[in-house]
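Novice: Starting from these lines, generate the structure:
(chains A, B and C)
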Amino acid sequence: MLKHLFKLIWNKKKQNLLLISEMLISFLVIFAVFTLLIYDYQNYRKPMGIDYENVWVVNYNNSFNTDNTDSLNLFYETMVRTIKSLPQIKEISFSSDNTAFSQNTNTGGITIKNKRVDNINWYTVDDNYQKVLNMQMLEGRWFNKGDAVARDIHIVINSVLKEKIFGKNNAVGEFIEDRDNKTRSQVIGVVNAVKMKGDFAKTEPGLYSRTDTGSFRWLGKILVKVNPGTNAAFESQLYKMLANYMKNSNVEIEHMDNKLKSANYWYLVPMIVLLIVAGFLIVNVALGLFGVLWYNINKRRGEIGLRRAIGASGKSVSVQLVGESMILATLSLIVGSFFAVQFPLLNVFDLPASVYLAAIFLSVLFIYLLVFVCSLYPGKQAAAIYPAVALHEE
Amino acid sequence: MISLQNIQKVYRTNTIETLALNSINLNIRKGEFLSIMGPSGCGKSTLLNIMGLLDAPSKGDIKIDDQKLDHLSDKQLAQFRNKKLGFIFQSYHLINDLIVLDNVSLPLLYRTSSEKERKQSATDALEKVGLSNRVKHFPTQLSGGQKQRVAIARAVVGRPEIILADEPTGNLDSAMGNEVMDILLHLNKSEGTTIVMVTHDEHMAKKTHRLVRLFDGSQVQ
Amino acid sequence: MLKNYFKIAIAVLRRRKFFTVISLFGISFTLTILMVLTAFINKVVGDDYPDKKRDRSLYITRLEEDGPTNMSSAGPSFYFLNHYAAGLKIPVKIAISSNFNGTNTYVNNKKIAVNYKYTNADYWDVLEYDFTEGKAFSKQQVENAEKVAVISTDMKNAYFGDESSVVGRYIEADNVKYRVCGVVKNVPITSYMTYSDIYLPYTVSKMDYNYKGYRGGYMGILLANSKSDLSKMHDEYEQMIQKIPMESKEFNRMYSHADTYITSYVDTGNEKQSGVLIVLTVIGVFAFILMLLPTLNLVNINITRIMERSSEIGVRKAFGASSKILVYQFIVENLILTLLGGLIGTILSIAIIKFINSENLIPNLELSLNLTVLFIGLIICLVFGFLSGVYPAWRMSKLNVVTALKA
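Specialist: Next up, the predicted model:
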């Protein structure tokens, strides 16, 4: 039976070419959509890596102009004490500009065992950063006061970077050179990676270094963890305190959960637009497929009547017709899969192969389902043709 | 009027050659009513198609009204057909989406004439075939005989000199068939239209001026 | 003749309702999506509030300094614009403003996020904001570093509520009290170069505007006398950049451009690749893919329709229609169908745009279906109709009369 169907299709290959191209392009469109959906979903399922609820980000600038490092440090230490004395404050930490869910990025490279690794996110943070964000340590420990006087520079790396350069081995205690290949740093801890650009972002390699006495010259952000339920009245109080203390600074307080919403916006909007457009395209294709199949069957009424006359049952006629459509689909899917499988093979866009393979699988399933549904009704109609009527019409 | 010299038609597929017409020589005078008869597959429709310039012969010459026709372009052939020829088919081939009046005026569309002129000519043609009361109907609302009469009206509306009819009564019962035949005979006598008719019906053929028989692509008798 | 085609086209469409519905659905939706996209682009590119003198302005938004080991890029600093750019001969005025930044203000125990922007006095001459109340701050006020502010209508409503007039009142932002001297019509955030909630004189900035580094958080708009001066002004700026000494030993090359609005708007910071080219490519690819499937679909359906009418085609040919005439007839029929779909698409676009505007998805971004958009929509329609009709029409014209009649 299968061979018979193949013969039928091959003899009409010109006619079927258009149909196959339509199915092929639909497959590619669906493949793109599923890839994006799966990628975002995979990322969404991974843990955020930080607790961002009730964390505020204070932005400030050029608050204290002095060349004297000691008075600079005294200025900020006093401020920290004042802030911490406020009732609703649980913990605070200074940070470089590339905080979570912000548009800022700071990347650089390192050298390890004479191999260069680039595109690493570089964060400068203080001892309390991990506590403020409740980050999970996987190996070793976070920074403490002792690191200020250590012989080597101590750094903490995240799980993605660790996997990249150390694989399954232990990272704590290992040495790396920083961008200029001059200073050596020692890894003292590995922390779980954070999805810094939002719920749908992927985790990237990251390296945390500790603030030192000179850092206050350029730092401009403070992360503040407050008690749950802290209201705008307290925020206003904190704001006034900061603005009055740092008279030459612009002060802004943001809530990390709002920043997350904005960051997610950048992923959600293209996704929604893509879904709407793809949805429309597929409905279009489905209707077109349905129409063309309907017409084809009507054209072959004589053939169908004949088949019934020589002994085919109604069911076998519909099976034949649906089968022909499914074979057409298979032909287009073979070509489509050939193209699609290049993506994981060539590692396009650096997406994991699992995303592409899952997308191919789901897209194939989708197209088969689509073709099946569109050929079901015309197939059933064909089965209902009375042979006498059909043959007489000739 | 129509002169066929040594006409040969060969159909070629990838592997097989079929000789449909073999050395046909035929001269049809102006005003003649000719019947062509023969068993199925003997090539009569092929011959008619060649005469109607719908198909080209593999070998041989064809002249209509003393004009040589082998070097004409697609456009020129179309114009020639439009002016000089009218067709009647066994399965009518009316356009179901148009009313009777528009079906009949179809050939006039491809000439330069105004809407008013077309309407007038079509109405006249329909009157000739006795269907003035069905002008605004659709073909699906007519009987077989009425449909063929519409087709005849369409074939004559442009006042062509030649009408080619392929089994015009084939799908009709004897009463309707006689009616159609009467219209054709009347057309030939009163307007002097040359008519070439392919038919299975010996009875109808006997009413015409001349009978040509074909067998396996060759003329007999 | 045309009337006849029209009659037949409508008859065919009514007879094969299913095909008609599919085709109309495909065309109208594709058109709707393309027209809404065009409306967006048209708004971003064409909306000239508040820079009504856009056709004789050039925008400076970026300064890049390159060295052997690193590269830094940011907006130019106030000092750079005031000292170097203001010294150019061709521009008649230069508007200098900071990029907008955020701060907070707390009113009635409610927090309001405020975006603020520092400007010079000429900013208000180069740009033409619509003042619903009051006016901009003057040169004198800027020189005196007066704490005055121009605020947006949204800011006025958020801070003062329903009050009718707020000029002369005080607004507190960033822990400083400013006196409101004017209220302007809102600018959507998509016009990011001129958008803000509060506009302040640069002299009240807490940042040191005399900082002599080249890079800072500012941007400049050069205003020429007339449109014809634009390219000269562009070149004058480029030449000036070449002659400026490097800031420090780290850097050996400097890049900065005074570009037209669109070029500046899509600037990606890449010196080698034009931002405009990238945007056009992306839009082009998207539009192409969007149109590909429905076109293929229509081609398929059209071929089906033709095959159905093969006997009609044979008859027409027999009675004297040349291939050309038949192709013409079919394309006209197809165009009628596409234009009908286009009409539906236009109605849908209007509805969607009304919806987007009413839901205020992007605050203050009012889309409109103006003549440009409609015109582009019509062109797309015709292209569509032609593309989806040409191949089937060609197939049809090749039909042999005899075979067509036999079918």
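
Novice: Is it correct that residue B:180 is in contact with residue B:167?
Specialist: No - look at residue B:180 against residue B:167 with CB atoms under 8 Å: they stay out of range, at 10.9 Å. C-beta: built from backbone N, CA, C; applies to glycine.

Novice: Name the residue of the stretch 251-394 of chain A with the shortest distance to chain C.
Specialist: residue A:288 (3.8 Å; CB to the nearest CB).

Novice: Excluding chain neighbours, give the residue nearest to that residue in space.
Specialist: residue C:297 (3.8 Å; CB to CB, 6 or more residues apart in numbering or on different chains).

Novice: Helix or strand: which one has the one you found?
Specialist: helix C:275-308 (DSSP states H and E).

Novice: So for that helix, mean pLDDT?
Specialist: Averaged across helix C:275-308, pLDDT comes to 79.

Novice: Could you list the buried residues of that helix?
Specialist: C:275-276, C:286-287, C:290-308 (16 or more other CB atoms under 10 Å in any protein chain shown).

Novice: Helix, strand, or coil at the residue nearest in space to the middle of chain B?
Specialist: Centroid check for chain B by CA atoms, centre = their mean gives residue B:164 as the closest residue, at 2.0 Å. What DSSP: H, G, I helix; E, B strand; the rest coil gives for residue B:164 is strand.

Novice: if we can go back for a sec, wait, doesn't the residue nearest to residue A:288 sit right on residue A:284?
Specialist: Yes - with contact defined as CB under 8 Å, residue C:297 counts as touching residue A:284 (5.6 Å).

Novice: all helices of chain B, in order?
Specialist: Along chain B, counting by DSSP state H, helices occupy B:44-51, B:74-84, B:100-104, B:106-109, B:115-128, B:144-156, B:174-191, B:202-205.

Novice: Quick one: closest of these to residue A:138.
Specialist: Of all those, helix B:74-84 sits nearest to residue A:138, with 80.0 Å by CB to CB.

Novice: so what's the one residue in chain B that gets nearest to chain C up against?
Specialist: Here chain B gets closest to chain C at one residue, residue B:82, 2.5 Å apart by CB to the nearest CB. Contacts of residue B:82 were listed using CB atoms under 8 Å, 6 or more residues apart in numbering or on different chains, and they are B:107, B:110-111, B:158, C:319-321.

Novice: Could you do residue C:67 as well?
Specialist: Contacts of residue C:67 by CB under 8 Å, 6+ apart are C:250-253.

Novice: how about 10 Å then?
Specialist: Residue C:67 makes contact with C:246, C:248-253, according to CB atoms under 10 Å, 6 or more residues apart in numbering or on different chains.

Novice: cool, residue C:223 as well?
Specialist: Counting by CB under 10 Å, 6+ apart, residue C:223 touches C:51, C:53, C:56-58, C:90-95, C:122, C:125-127, C:229, C:233.

Novice: Distance check, the residue in the stretch 251-400 of chain C that chain A sits nearest to against chain B.
Specialist: Residue of the stretch 251-400 of chain C nearest chain A, by CB to the nearest CB: residue C:297 (3.8 Å). In this view, residue C:297 and chain B are 23 Å apart by CB to the nearest CB, to the nearest Å.

Novice: my read: that residue touches residue A:291, true?
Specialist: Yes - here residue C:297 reaches residue A:291: they are 8.9 Å apart, a contact under CB atoms under 10 Å.

Novice: Return the members of the contacts of residue C:223 classed as buried.
Specialist: Among the contacts of residue C:223, the ones that count as buried by 16+ other CB under 10 Å are C:51, C:53, C:56-58, C:90-95, C:122, C:126-127, C:229, C:233.

Novice: Of those, which belong to helices?
Specialist: Those of the buried ones among the contacts of residue C:223 lying in helices (DSSP H): C:126, C:233.

Novice: tell me which of the buried ones among the contacts of residue C:223 is nearest to chain A?
Specialist: residue C:95 (21.6 Å).

Novice: Need phi/psi at the closest residue to chain B within the stretch 201-350 of chain C.
Specialist: At 2.5 Å from chain B, residue C:320 is the closest residue in the stretch 201-350 of chain C, using CB to the nearest CB. Backbone geometry at residue C:320, expressed as degrees, to the nearest 10, gives phi 120, psi 10.

Novice: Test my guess that it contacts residue B:154.
Specialist: No - judged on CB under 10 Å, residue C:320 makes no contact with residue B:154 at a distance of 11.7 Å.

Novice: between those two, which one's more packed in?
Specialist: Per other CB atoms under 10 Å in any protein chain shown, whichever of residue C:320 and residue B:154 has more neighbours is residue B:154, with 29 against 24.

Novice: what's the nearest residue to the more buried one if we skip its chain neighbours?
Specialist: Leaving aside its chain neighbours, residue B:154 sits nearest to residue B:104 (4.8 Å; criterion: CB to CB, 6+ apart).

Novice: what do you get for residue A:21?
Specialist: Closest to residue A:21 by CB to CB, 6+ apart is residue C:296, at 6.2 Å.

Novice: Check residue B:4 too.
Specialist: Distance criterion CB to CB, 6+ apart; nearest residue to residue B:4, sequence neighbours excluded, is residue B:26 at 4.3 Å.

Novice: what's the neighbour count on that neighbour?
Specialist: Number of residues near residue B:26 (other CB under 10 Å) recorded here: 17.

Novice: Also residue C:69?
Specialist: 8.

Novice: By residue count, what's the longest helix in chain A?
Specialist: helix A:256-299.

Novice: ok now stretch A:65-85, how far from the chain's centre?
Specialist: In terms of CA atoms, centre = their mean, to the nearest Å, the centre of stretch A:65-85 is found 40 Å from the chain centre.

Novice: per-residue confidence averaged over that stretch?
Specialist: 86.

Novice: again, but for stretch C:344-354
Specialist: So the average pLDDT for stretch C:344-354 ends up being 89.

Novice: residues making contact with that stretch?
Specialist: Residues from elsewhere that reach stretch C:344-354 (CB under 10 Å, 6+ apart): C:24-25, C:27-40, C:338, C:366-369, C:373-374, C:377-378, C:380-381.

Novice: Verify the stated contact: the residue nearest to residue B:4 with residue B:2.
Specialist: Yes - taking CB under 10 Å as the definition, residue B:26 is a contact partner of residue B:2 at 7.4 Å.

Novice: Next, the contact list for the residue of chain B found nearest chain A, please.
Specialist: Proximity of chain B to chain A (CB to the nearest CB) peaks at residue B:91, 11.1 Å away. By CB under 10 Å, 6+ apart, the residues touching residue B:91 are B:144, B:147-148, B:151, B:166-167, B:170-171, C:311, C:405-406.

Novice: so which of these is the most crowded?
Specialist: Counting neighbours by other CB under 10 Å, the top entry in those is residue B:148, with 29 neighbours.

Novice: Just give me the neighbour total for the nearest residue in space to that one that is not next to it in sequence.
Specialist: Of all residues not flanking residue B:148 in the chain, residue B:180 sits nearest, at 5.4 Å (CB to CB, 6+ apart). By other CB under 10 Å, the residues close to residue B:180 number 22.
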